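Chemist: Following is a predicted model, sequence given first.
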Amino acid sequence: MIRLILLTDFTESYAHNLLKGIMTYSKENEPWVLCRMPLAFKQQYGIEGILNWAKRWKADAIIAQFDNVDNVDLFRQNGIVALAQDYKSRFSTIPNITSNYKLTGKMVADFFLQRGFKNFAFFGYKNACWSQERCEGFKDEVTKFGFKNNFYAFHNQKLEELWFYKQHPLSKWLKSLPKPIALMACDDTQGQIITEICKLSNLRIPEDIAVMGVDNDEMTCNLSDPSLSSVLLDIEKGGYDSARLIDSMIRSKNLSTYNDIYINTSYIVQRQSTNIYPIEDKEIAQALKYIDQCTLEKISVDDIVKQVPLSRRLLEIRFKQYTKMSIYQYIMKKRMGRFAQMLIESNAPVTEIAAQIGITDIKNLSRQFKTIEGCSPLEYRKEHTLKK
């Protein structure tokens with residue numbers, strides 16, 4: 001029976017989903033005993049205090065939001081497996097529960113670019129690797145499409161001031177941004193702060209500022225007014241994989257050899273905060289909206305042409321100017337994105353899910369899916385779900 005300490009912020013859904021994955025692994029193997037330790041314990045007693053408590057409690061492992069200055073090697077020296085949940089920076093001597101944060105930033109940038117935005121902003125913390133790298137991924141992608149000089153960032157917030165912010169500097173920054181603008185917040189908490197400040201500053205969402213968060217904390221996203229769009233992460237699977245790693249390290253009695261746990265980015269959950277197509281070309285905006293609304297239907301380029309008073313050739317030219325893709329490429333990317341989402345949400349066979357979006361040629365589907373996602377549908381499902 002493994003005894004695990006989980007030291008994290010339990011006010012956020014991230015911790016709850018991580019815990020779900022851990023308990024799923026426990027139920028499939030052997031019962032675990034879990035201690036949910038609040039961060040205040042570390043603030044009061046320090047890392048040595050946690051170690052002393054862990055030894056008295058006979059802990060086998062700990063997953064924690066460690067600070068950069070914490071001597072995490074103390075746990076290994078005392079026979080306790082330690083995993084670091086990314087807080088400020090990654091560690092080199094213990095496994096990290098981390099992610100490809102740049103890829104998340106790129107995904108959000110692609111979402112906004114496809115909707116026709118030309119101005120971009122990022123709001124995040126100045127002392128957290130996951131915030132900084134999401135910003136880098138977001139900025140790199142919009143720069144690649146020629147919008148380097150249309151990017152703005154606000155990094156004045158410290159991670160220690162999670163629930164506190166100064167209204168005036170943030171309001172001043174938001175008002176100074178060119179409109180309309182697509183803003184990525186480093187997480188949902190910061191995304192909700194943006195929606196609050198916009199309301200107090202008489203800035204419209206999404207007409208002036210379209211806002212996207214990360215983590216898809218449903219309570220936070222729906223408390224936001226308007227509701228906040230967000231990136232869904234495979235946090236529960238990350239918890240499952242973390243538990244499996246802990247079990248492996250304990251059984252092998254090797255606390256030095258390990259791999260980091262990577263939490264995958266799943267897909268974007270769209271809500272009201274990004275429900276806009278800020279394109280001066282009304283016909284292209286109409287085409288984009290129609291495609292987005294029909295991702296579950298078998299639509300063709302001819303169907304799009306019927307929606308706007310333009311010739312096919314002129315529509316193709318103007319469409320590519322805004323999206324950097326042909327109409328066919330855009331339709332397929334949207335359909336494959338919806339198909340990928342359904343693969344994660346459902347346990348139904350791939351052929352059955354494909355039929356729901358009007359696809360019967362599975363070989364062609366697999367080829368198109370691999371071109372966009374880099375793997376087959378079955379490989380994608382295995383990577384993004386708890387199914388072993």
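Modeler: Done, it's in.

Chemist: what bits of the protein have low per-residue confidence?
Modeler: Residues of the chain that meet the criterion pLDDT under 70 lie in 158-164, 387-388.

Chemist: so where does the spatially most central residue of it fall, helix or strand?
Modeler: Nearest to the mean C-alpha position of the chain, counting by CA atoms, centre = their mean, stands V231 at 3.9 Å. Under DSSP states H and E, the secondary-structure element containing V231 is strand 229-233.

Chemist: ok, and for the helix or strand that that strand is followed by, which residues are buried?
Modeler: Downstream of strand 229-233, the first helix or strand assigned by DSSP H and E is helix 235-252. For helix 235-252, the neighbour count (16 or more other CB atoms under 10 Å) marks 235-247, 249-250 as buried. Backbone N, C-alpha and C define where each C-beta goes, glycine included.

Chemist: Check stretch 182-199 too.
Modeler: Of all the residues in stretch 182-199, those buried under the rule 16+ other CB under 10 Å are 182-198.

Chemist: The residues you listed in helices, which ones?
Modeler: 188-198 (DSSP state H).

Chemist: now these in TSV, with distance to Q321?
Modeler: Converted to TSV, those look like this (distance: CB to CB, whole Å):
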residue	distance to Q321
D188	33
T189	37
Q190	33
G191	30
Q192	35
I193	35
I194	30
T195	31
E196	36
I197	33
C198	30
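
Chemist: And the residues you listed, which is closest to R56?
Modeler: When these are compared for distance to R56, the smallest value, 34.0 Å, is given by T189; criterion: CB to CB.

Chemist: surely the closest one meets S13?
Modeler: No: in this structure T189 lies outside contact range of S13 using CB atoms under 8 Å: 10.5 Å.

Chemist: What values do phi and psi take at V33?
Modeler: When quoted as degrees, to the nearest 10, the phi and psi of V33 stand at phi -110, psi 130.

Chemist: show me the contacts for it.
Modeler: Residues near V33 by CB atoms under 8 Å, 6 or more residues apart in numbering: 1-4.

Chemist: For the residue of the chain positioned farthest from its centre, which non-adjacent residue is spatially closest?
Modeler: Of all residues in the chain, S311 sits farthest from the chain's C-alpha centroid, using CA atoms, centre = their mean; the distance is 38.7 Å. Leaving aside its chain neighbours, S311 sits nearest to V305 (7.9 Å; criterion: CB to CB, 6 or more residues apart in numbering).

Chemist: and the one you found, how far is that from G79?
Modeler: 68 Å (CB to CB, to the nearest Å).

Chemist: Which one's more surrounded, those two?
Modeler: Of the pair V305 and G79, V305 is the one with more neighbours under other CB atoms under 10 Å, namely 18 against 12.

Chemist: which residues sit in contact with L51?
Modeler: 74-75, 78, 80.

Chemist: Of the ones in helices among the buried residues of stretch 182-199, which is the nearest to C35?
Modeler: Sorting those by distance to C35 puts T189 at the head of the list, at 25.2 Å, by CB to CB.

Chemist: quick one: the closest one and L113, what's the gap?
Modeler: Per CB to CB, T189 is found 25 Å from L113.

Chemist: next one: I197
Modeler: Per CB to CB, I197 is found 25 Å from L113.

Chemist: S300: how many residues sit nearby?
Modeler: Around S300 sit 11 other residues, with neighbours defined as other CB under 10 Å.

Chemist: Grab the nearest non-local neighbour of it.
Modeler: Sequence neighbours aside, I331 is the residue nearest to S300 in space, at 7.7 Å (criterion: CB to CB, 6+ apart).

Chemist: Which secondary structure state does the one you found sit in?
Modeler: Reducing the assignment to helix, strand or coil with DSSP: H, G, I helix; E, B strand; the rest coil, the entry for I331 is helix.

Chemist: buried ones in stretch 331-347?
Modeler: By neighbour count, with 16+ other CB under 10 Å as the criterion, the buried positions of stretch 331-347 are 331-344.

Chemist: ranges for the strands of this protein?
Modeler: 3-8, 33-38, 61-64, 81-85, 96-98, 120-125, 151-157, 181-185, 209-214, 229-233, 261-262, 265-269 (DSSP state E).

Chemist: Just give the strands next to the fifth one in its sheet, each with its orientation.
Modeler: Which is strand 96-98. For strand 96-98, sheet partners with direction are given as strand 81-85 (parallel), strand 261-262 (parallel), following DSSP bridges.

Chemist: among the ones you listed, which is nearest N127?
Modeler: Using CB to CB as the criterion, the shortest distance between N127 and those is 15.6 Å, found for strand 81-85.

Chemist: quick check: angle from that closest one to strand 3-8?
Modeler: Our comparison of strand 81-85 with strand 3-8, counting by axes from the mean of the first three to the mean of the last three CA atoms, to 10 degrees, yields an angle of 20 degrees.

Chemist: Could you export strand 81-85 as CSV, CA atoms only?
Modeler: This file holds the C-alpha atoms of strand 81-85, laid out as CSV (Å, rounded to 0.1, in the frame of the first residue of the first chain):
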residue,chain,number,x,y,z
VAL,A,81,9.9,9.4,-4.1
ALA,A,82,9.4,13.1,-5.0
LEU,A,83,7.7,14.6,-8.1
ALA,A,84,7.5,18.3,-8.8
GLN,A,85,4.3,19.8,-10.1
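
Chemist: residues contacting the closest residue to Q167 other than its chain neighbours?
Modeler: On the basis of CB to CB, 6+ apart, the spatially nearest residue to Q167 that is not a chain neighbour turns out to be I197, at 6.3 Å. When contacts are counted by CB under 8 Å, 6+ apart, I197 is found next to 167, 170-171, 174, 203.

Chemist: One more pass at 7 Å, please.
Modeler: With contacts defined as CB atoms under 7 Å, 6 or more residues apart in numbering, the neighbours of I197 are 167, 170-171, 174.

Chemist: ok so, going back, what separation do you get for the residue farthest from the centre of the chain and R335?
Modeler: Distance check for S311 against R335: by CB to CB, it reads 25 Å.
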